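K.L.:
fold the following for me, if possible:
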Amino acid sequence: MISFVIPAHDEEAVIARAIASVNLCMRDLGVPWEVLVVDDASFDRTAARARKAGARVISVAHRQIARVRNAGARAARGERLVFLDADTLANSDVVAGALRAMDRGAVGGGAMVRFDGPLPGYATPVLALLDFLMRHGQLAAGCFLFCTREAWERAGGFDETLYAGEEIALSQALKRQGPFVVLAERVETSGRKLRTHSGAEVAAFMMLLVRRGVPVLRSRAGLEVWYGPRRTDPEDNKTALRA
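P.N.:
The predicted model follows:
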C-alpha cells in the first residue's frame, strides 16, 4: 500500500481538491492506497471537508510542519509514503514515476514543481533557483516527497528541530540510505506564498538565512511566510469554486 500524508492547517478551501487528485490518479494506477490528513490545530472546517472527501483524519496541535509530517507517517499503514501538501495536486504521471523509482531501488525522491495562477514578476528568478537546486542538488520540494517507510525510519524521519527546510534535511538523510531521485515529472502546487508576500519580504528572509544559517529555521520567529497569519490570495475564490 502507498500512503499519502497531507499536513493541513486551515486548508478548507483546498483540501478536498488535493484528496480528489490522489484518488483520481490512484484509481487509474490500480495500486492500493490511503489518504491521511493530519489536521494541525485548524480553526476552520479542514477536518470535516477531508473526511467528506474520503480521507482518514488525525488531529494534532504542533504548529510545526516536521512534527506534523512525522505524526502522519507514524499513523500511516503503507510501506511507501508520499508527503503531499494540502495545496498540491497529485497526477498519474508523477505518482507512477515515484512508484517506478522505488520499484527500481530508490529509497525516495521528489518531483519538479509548477505553480498555479498568475505570479508576480519577482517569482521568475525564485523559481529558476528552485529548479536549479532541485535538479543539481537532488533535493525534494516539500510539496511532494516520497520514500519507503524503511528509509524514512532509518533516516529518523523529518528533523523536528526545524520549523522549515525539513524536506531538504530529509532529502539529505535519505541520500545516505540509498538512491534518491528527483523526477522530471511535475506536480502543480499553489503559488499563494509568492502572490501574498512581496519580493522585499522574500529577499529579507533570504538575507537572514544567509547571515545566520540553519539556526534561523529552528524557531518560528522570522518564519512568517510559513507560520504567520494566512493572507488572502486573489486565487482563493477560484480554488473554492473548483473544490
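
K.L.:
low-confidence ranges in this structure?
P.N.:
236-243 (pLDDT under 70).

K.L.:
list the contacts for the residue nearest to the spatial centre of it?
P.N.:
Residue closest to the mean C-alpha point of the chain, counted by CA atoms, centre = their mean, is residue 143 at 2.4 Å. Residue 143 makes contacts with 84-85, 87-88, 113, 187, 189, as judged by CB atoms under 8 Å, 6 or more residues apart in numbering. Heads up, the C-betas are built off the backbone N, CA and C, glycines and all.

K.L.:
secondary structure, neighbour count and distance to residue 198 added to those residues, as a markdown table?
P.N.:
Below are the contacts of residue 143 laid out as a markdown table (DSSP: H, G, I helix; E, B strand; the rest coil; neighbours: other CB atoms under 10 Å; distance: CB to CB, whole Å):
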| residue | secondary structure | neighbour count | distance to residue 198 |
| --- | --- | --- | --- |
| 84 | strand | 26 | 28 |
| 85 | coil | 22 | 22 |
| 87 | coil | 23 | 20 |
| 88 | strand | 24 | 23 |
| 113 | strand | 20 | 21 |
| 187 | strand | 23 | 26 |
| 189 | strand | 22 | 20 |
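
K.L.:
return the closest of the residues you listed with respect to residue 34.
P.N.:
Of all these, residue 84 has the smallest distance to residue 34: 12.3 Å, by CB to CB.

K.L.:
surely the closest one touches residue 8?
P.N.:
No - checked against CB atoms under 8 Å, the pair residue 84 and residue 8 is beyond contact range at 10.3 Å.

K.L.:
and the strands in this structure?
P.N.:
2-8, 33-40, 56-60, 80-84, 88-89, 108-115, 144-148, 180-189 (DSSP state E).

K.L.:
strand partners (parallel or antiparallel) of the fifth one?
P.N.:
Using DSSP bridges, strand 88-89 pairs in its sheet with strand 180-189 (antiparallel).

K.L.:
how close does residue 152 get to residue 84?
P.N.:
As for residue 152, its distance to residue 84 is 15 Å (criterion: CB to CB, to the nearest Å).

K.L.:
now residue 217
P.N.:
22 Å.

K.L.:
and residue 154, by the same measure?
P.N.:
22 Å.

K.L.:
what's opposite residue 82 in the beta bridge?
P.N.:
residue 4, residue 146.

K.L.:
pretty sure it contacts residue 140?
P.N.:
No - in this structure residue 82 lies outside contact range of residue 140 using CB under 8 Å: 10.7 Å.

K.L.:
need the overlap of contacts for these two.
P.N.:
Joint contacts of residue 82 and residue 140 (CB under 8 Å, 6+ apart) are residue 146.

K.L.:
which stretch among the strands of the chain comes nearest residue 50?
P.N.:
Using CB to CB, the nearest of the strands of the chain to residue 50 is strand 33-40, at 4.0 Å.

K.L.:
so what does the closest one touch, helix or strand wise?
P.N.:
strand 2-8, helix 15-29, helix 46-52, strand 56-60, helix 65-75 (3 or more CB pairs under 8 Å, 6 or more residues apart in numbering; DSSP states H and E).
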